[in-house]
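**Q** Please work out how this folds:
(one chain, ligands or ions: 1)
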Amino acid sequence: MATNSSYIEAASDASHYPSSLPPALRELTISQALFYAFILLTSYRSFDAYRKRANVPGVGFSSIPILSSWIAAYRFTRAPLKLMTEGVTKYKPGYFRIATIQGEYVMVTDRNKVQEFLRQPDDVLSMQEAANDQQQIPFTMGWGIGHATYHNQVVRVHLTKSIEHRIEDMVDEIRHAFDDLIGAPADYQPVHIYKVIAMSVARTSNRIMVGKDFSENTEFLELAIAYAEAVVISAELIRAFPDWMKHVLIRLTPAWSRRWKAMKHLKPMLEKRLAGDFDGGKKPDDLMQWLMDAAPPGEERTIPKLVERIMSMNVASIHTTTMTFTGALYKLAAEPEKYMPELRAELEEVLAEGPLSKDRIAKLKKMDSFLRESARYNNAGLMAVQRNAKKQFTFSDGTVIPAGAKVGTPTRFLQRDPTIYDNPEVFDGFRFSRLRDQTEGPATQYQMVSTAPELHVFGHGKHACPGRFFAVTEMKLMFAELITRYDMKLAPGTGVNETFIATMAIPDTKLNILMKTRS
Ligand code: HEM
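**A** Okay, here's the model as predicted:
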């Protein structure tokens, strides 16, 4: 029987390699092969980056020719905020280049130029291609999610229209979620708020997306919450491989296994619906059904594809809403004396007219302002909006973005631009409600759902998030319930931990808020 060491010797003995290999390759040891593969990959990346490179200054690049882009990516990964700050300080209102593991990006630092590139058609600057690239969507979430995006229209039209008559269901779900997850503490107790809000959002969103059976199914909800994280991890696991290998490798990743498990939950319901077997003979009025009705005939109407679609809607909605909303709660818990009395007074005035409805929610201007300001202040990743150039694009000042290049925005810096906001480094919860009262222009521009070239929580332009009307309603209903029922504050000496991994702002998912039933 061969010992371990004899296997190793056999493996490193060139004479065991297939004789069909050319003699030069037969002589290679494994470490030499890896070294040459690295050189090849590095040269390819360097050549590819050079071919697609816009003629704008780089930040973090070195003068070593072939390794320059890798070195810049390494430096950026280690100190993203520092390098972005350097780029904006030196080159605003112009452009600069950064490199990340995912390639090089041209950063556009001026809101007017951001406006200009976001106006470009998809065959020039593509949002979908950038998203596919970033999250490896066709592999991690499914080919159709990255290439047949009929869900955008369904969310934009059907989900948004449904909000008004689903508010009662949403409130019901939120109340039960907070009963179960926070309860009625008589004295201040630490609450792991990110976890509570993620589960509450998963429950409320899935009530509207797939119905009550699923909003009450904790195992399914936990899968839905974990799926988004699995997608991010799986994207990084497969990124370096060629596409033909990604099709196979993705089956070994957590995104695949979580979706497979979710399918077990969703399959019986989908089988019934596909057979036209509706409870009480009435077609369900939920996102799942609207997606099924809108799916192009053929493969997209099969169970695995419909599971991909609804799970991608969970990715789009759960952590995005949770991050945005917990960011606001952290700010409220940091200064409850400053904000709580006015927020409650506004809410109580509106509730005196009756339960929350679409029109009554619209009267909560201070709450709306608080959410928008915390999105401006907190949620600022370093590059929330990205586009990939499918064709060459030239800005009005003559700057050329070659085909194949990637364009992005330094979100945090635009959202804290002193030429746009007074005291941008200060959190001012009622900044936007004051602006709404003072403006001579349309006051709606300062609402949470209104996008702007310098505020990227929901993106801007024709690809601005179509789910934002739903998400903002959901956040306001949770906000109203929480401030009605609970007092909250931060424990002394605690605060939000701000972390960036490359361009991503990582939310503080660990911070506890002290909460008790309102006195
Ligand atoms: C607070 C919660 C949310 C945030 C912060 C958020 C943020 C975003 C952002 C930044 C974009 C990209 C825009 C761009 O690049 O211009 C986007 C796109 C999108 N979002 Fe959201 N989103 C949220 C909630 C939702 C919800 C609840 C849904 C659906 C149920 C949804 C569905 C989508 C879809 C389908 C797109 C792609 C739009 C397109 O390609 O045209 N989002 N979202």
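**Q** alpha carbons only for contacts and neighbour counts from here, please
**A** Noted.
**Q** Residue 348 is in what secondary structure piece?
**A** Using DSSP states H and E, residue 348 falls within helix 336-351.
**Q** by contact count, what packs against that helix?
**A** In terms of contacts (3 or more C-alpha pairs under 8 Å, 6 or more residues apart in numbering; DSSP states H and E), helix 336-351 is packed against helix 365-377, helix 468-485.
**Q** out of those, nearest to the ligand?
**A** helix 468-485 (4.7 Å; C-alpha to the nearest ligand atom).
**Q** re the thing from before, okay, the helices and strands packed on helix 336-351, which one's buried deepest?
**A** By mean neighbour count, with neighbours taken as mean count of other C-alpha atoms under 10 Å, helix 365-377 ranks first of the helices and strands packed on helix 336-351 at a mean of 24.
**Q** near the ligand, anything from that one?
**A** No: using C-alpha under 6 Å from any ligand atom, helix 365-377 stays clear of the ligand, coming no nearer than 8.3 Å.
**Q** How far off centre is the helix ranked longest in the chain?
**A** Ranked by residue count and defined by DSSP state H, the top helix of the chain is helix 303-334. Averaged C-alpha coordinates place helix 303-334 at 8 Å from its chain's average position (C-alpha atoms, centre = their mean, to the nearest Å).
**Q** What count of nearby residues applies to the closest residue to residue 135 other than its chain neighbours?
**A** Leaving aside its chain neighbours, residue 135 sits nearest to residue 235 (5.6 Å; criterion: C-alpha to C-alpha, 6 or more residues apart in numbering). Applying other C-alpha atoms under 10 Å, we find 23 residues neighbouring residue 235.
**Q** What values do phi and psi take at whatever residue of the stretch 51-200 of the chain ends up closest to the ligand?
**A** When distances are taken as C-alpha to the nearest ligand atom, the stretch 51-200 of the chain reaches nearest to the ligand at residue 152, 4.4 Å away. Phi and psi for residue 152, reported as degrees, to the nearest 10, are phi -60, psi -50.
**Q** all helices for the stretch 351-500 of the chain, in order.
**A** Under the criterion DSSP state H, counting those that start in this stretch, the stretch 351-500 of the chain carries helices at the ranges 358-361, 365-377, 411-414, 431-438, 468-485.
**Q** Out of these, which gets nearest to residue 94?
**A** In terms of C-alpha to C-alpha, the element of the helices of the stretch 351-500 of the chain nearest to residue 94 is helix 411-414, at 12.7 Å.
**Q** Got the domain ranges for the protein?
**A** Under the assignment automatic domain parsing, the domains of the chain span 45-82+95-138+387-411, 141-379+418-453+457-517.
**Q** Enumerate the residues of this protein near the ligand.
**A** Close to the ligand, as judged by C-alpha under 6 Å from any ligand atom, the chain has residues 127, 152, 155, 313, 316-317, 320-321, 324, 384-385, 457-460, 463-468, 470-471.
**Q** Could I have the ChimeraX command that selects the buried members from the residues you listed?
**A** Here is the ChimeraX command that selects only those of these that count as buried (16 or more other C-alpha atoms under 10 Å):
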select :127,155,313,317,320,321,324,384,385,457,458,459,460,463,464,465,466,467,468,470,471
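**Q** contact partners of stretch 218-228?
**A** 198-199, 202-203, 214-215, 255, 258-259, 261-262, 265, 311, 314-315, 318-319 (C-alpha atoms under 8 Å, 6 or more residues apart in numbering).
**Q** so of those residues, which ones are in helices?
**A** If you go by DSSP H, the contacts of stretch 218-228 have 198-199, 202-203, 214-215, 255, 258-259, 261-262, 265, 311, 314-315, 318-319 in helices.
**Q** Out of these, which end up buried?
**A** Looks like the ones in helices among the contacts of stretch 218-228 have 198-199, 202-203, 214-215, 255, 258-259, 262, 311, 314-315, 318-319 buried, using 16+ other C-alpha under 10 Å.
**Q** returning to that earlier point: rank the domains of the chain by mean pLDDT and give me the bottom one.
**A** Ranked on mean pLDDT, the bottom entry among the domains of the chain is domain 45-82+95-138+387-411, at a mean of 92.
**Q** How much space separates residue 436 from the ligand?
**A** Per C-alpha to the nearest ligand atom, to the nearest Å, residue 436 is found 21 Å from the ligand.
**Q** For the residue nearest to that residue when sequence neighbours are not counted, give me its contacts.
**A** Spatial nearest neighbour of residue 436, chain neighbours left out: residue 443 (4.7 Å); criterion: C-alpha to C-alpha, 6+ apart. Residue 443 sits next to 435-437 when contact means C-alpha under 8 Å, 6+ apart.
**Q** Quick check: residue 443 vs residue 371, distance?
**A** Distance, residue 443 to residue 371, by C-alpha to C-alpha, to the nearest Å: 16 Å.
**Q** With distance to residue 39 as added columns, please give the domains of the chain in a markdown table.
**A** Formatted as a markdown table, those follow (distance: least, C-alpha to C-alpha, whole Å):
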| stretch | distance to residue 39 |
| --- | --- |
| domain 45-82+95-138+387-411 | 9 |
| domain 141-379+418-453+457-517 | 15 |
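**Q** closest to residue 89 out of these?
**A** Of all the domains of the chain, domain 45-82+95-138+387-411 comes closest under C-alpha to C-alpha, at 9.8 Å.
**Q** hmm, back to that, for the residue nearest to the residue of the stretch 51-200 of the chain closest to the ligand when sequence neighbours are not counted, phi and psi?
**A** Of all residues not flanking residue 152 in the chain, residue 466 sits nearest, at 6.7 Å (C-alpha to C-alpha, 6+ apart). Note on residue 466: backbone dihedrals following degrees, to the nearest 10 are phi -80, psi -10.
**Q** if we can go back for a sec, redo the contacts of residue 443 as a markdown table? Include distance to residue 120 and neighbour count.
**A** Shown next, in a markdown table, are the contacts of residue 443 (distance: C-alpha to C-alpha, whole Å; neighbours: other C-alpha atoms under 10 Å):
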| residue | distance to residue 120 | neighbour count |
| --- | --- | --- |
| 435 | 30 | 15 |
| 436 | 30 | 19 |
| 437 | 33 | 11 |
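**Q** one step back: residue 190: which of the helices and strands packed on helix 336-351 is closest?
**A** Among these, helix 468-485 sits nearest to residue 190 (C-alpha to C-alpha), with 14.8 Å.
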